[in-house]
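[1] make a model of this:
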Amino acid sequence: MEQYVIRGGNPLVGEVEIGGAKNAALAILAASIMTDETVTIDNIPDVRDVNALLQAMSDIGARIDRVDAHTVKITGSSVRDISVDYDSMKKIRASYYLLGALLGKYKHAEVTLPGGCNIGSRPMDLHIKGFRALGADVQIRNGAVAAEAQKLKGSHIYLDKVSVGATINIMMAAAMAEGKTTIENAAKEPHVVDVANFLNSMGANIRGAGTDVIRIVGVENLHKTEYSVIPDQIEAGTFMFAAAATKGDVTVKNVIPKHLEATSAKLLEAGCEIEELDDAVRVVASKPLRHTQVTTLPYPGFPTDMQPQMSVVLGIAQGTSTVTESIFENRFKYVDELTRMGADIKVESNIAIISGVKGYTGARVSAPDLRAGAALVIAGLSAEGTTIVDDIHYIQRGYEAFEEKLEKLGAQIRRVQTEKEIQKFHFKAV
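    Numbering: from 1, shown residues only. Model prediction:
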């Protein structure tokens, strides 16, 4: 099993290039099979989740031509199966986007209920509500969601709760439904906008993405396109927090600064200096970190995917901070691991009360999920001594070349597989 071994204490300094947004790429790749023509998508991140979805799409018959690590050509005309099996879904939760894509194009889809990171309940009820509103018969049988319709008809759909997955899935199905669909209380995240832009580039008629009301006029056919995925705001934010925690000076490049406003605002409150450029953000952490309060909220609020990284920074800030998690109920599983590194955090219901300590100390910890795993790496980079992070397969689901990018910024981090390699790293690092 692969691990990261980290020798902490080095400020991260330099520039880092941010890749394409994993969450946008997954939905866009799924939507690409909604045309029989060949679609070219670039700026996709070369991460496990993307590769698992491409394999799932190949398994149902889509033709996948990997031009290079970040570019793929997809032809949906060869899709022969509307059923996505358990093996695909247990590897990657976002395979559920194939439901909306297949239902929109073929009026029939069957997808096993999803797996992915265990950060709390992410039920399919809003997806199902939307598909039913469009006229589909939806059943849950044998652990799978099966949706079928003679034809899909536009409808007025109100989402009881803001849901990125449901917004995107319904938007895909409605793009090829008869008539007009309105989605109210829609998610406004940048990747929702990116998927809408992608569908529009294939000939869909979607307006209002990025607001809480999305209006869709269904079309009969979609056509080929070439499209570039937006930069990953969560990867960018992770490196911004790494700069803060290590008292560093890092410029994250190839980003859309507006997507990072909530992250930048909290780092400013915590005492960092932020410089925004056209397509880059620089974080300088030359002063002591200060306490602050954070509540996760749907975009444009503070992202739940940045909550563990923020907590790591606040754990070594002066004073007492609070972090309130309002999106997922199981997102503080990393706290026990961070406590092993010297953090003083108490969790009461959905609130973490963080009393700042002078610094972390190296320990052996285990990544409980994707973002918490990245947060533990950040803690290790700032800690005194050596940290070993187990279960890094979670981190590899969403970060491309994570250790290489950190090394270029001056981090002492190595991906290892054996105790012998850990000892060798110890010897070199001392």
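[2] centre of the chain to stretch 234-243, how far?
    13 Å (C-alpha atoms, centre = their mean, to the nearest Å).
[3] with only the CA atoms kept, save that stretch in CSV.
    Extracted C-alpha coordinates of stretch 234-243, given in CSV (Å, rounded to 0.1, in the frame of the first residue of the first chain):
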residue,chain,number,x,y,z
ILE,A,234,-10.2,22.9,-4.8
GLU,A,235,-6.7,22.0,-5.9
ALA,A,236,-5.8,25.7,-6.0
GLY,A,237,-7.3,26.2,-2.5
THR,A,238,-5.3,23.3,-1.2
PHE,A,239,-2.0,24.8,-2.3
MET,A,240,-3.1,28.2,-0.9
PHE,A,241,-3.7,26.6,2.5
ALA,A,242,-0.4,24.7,2.3
ALA,A,243,1.3,28.1,1.8
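[4] pLDDT on it, on average?
    Confidence over stretch 234-243 (mean pLDDT, whole number) is 98.
[5] renumber starting at 621 from here on
    In the new count, where the first residue is 621, that last one comes out as stretch 854-863.
[6] list the buried ones in that stretch?
    854-863 (16 or more other C-beta atoms under 10 Å). Yep, even glycine has a C-beta here, placed from its N, CA and C like the rest.
[7] ok, so of those, who is nearest Tyr778?
    Ile854 (28.1 Å; C-beta to C-beta).
[8] ok, Ala816 - contacts?
    791, 824, 826, 829-830, 834 (C-beta atoms under 8 Å, 6 or more residues apart in numbering).
[9] flag every buried residue along stretch 625-645.
    625-628, 630-632, 636, 638-645.
[10] what about the residue nearest to Gly629 when sequence neighbours are not counted, neighbour count?
    The shortest distance from Gly629 to any residue other than its chain neighbours is 6.1 Å, reached at Glu1004 (C-beta to C-beta, 6 or more residues apart in numbering). Neighbourhood size, Glu1004 [other C-beta atoms under 10 Å]: 15.
[11] quick check: pLDDT value at Glu1004.
    97.
[12] and the gap between it and Leu842?
    Using C-beta to C-beta, to the nearest Å, we find Glu1004 at a distance of 55 Å from Leu842.
[13] now do Arg683
    Counting by C-beta to C-beta - Arg683 and Leu842 are separated by 16 Å.
[14] neighbour-wise, which of these two wins?
    Leu842 (25 against 15).
[15] pLDDT at that one, what is it?
    98.
[16] where in the stretch 921-1050 of the chain is pLDDT low?
    1047-1050 (pLDDT under 70).
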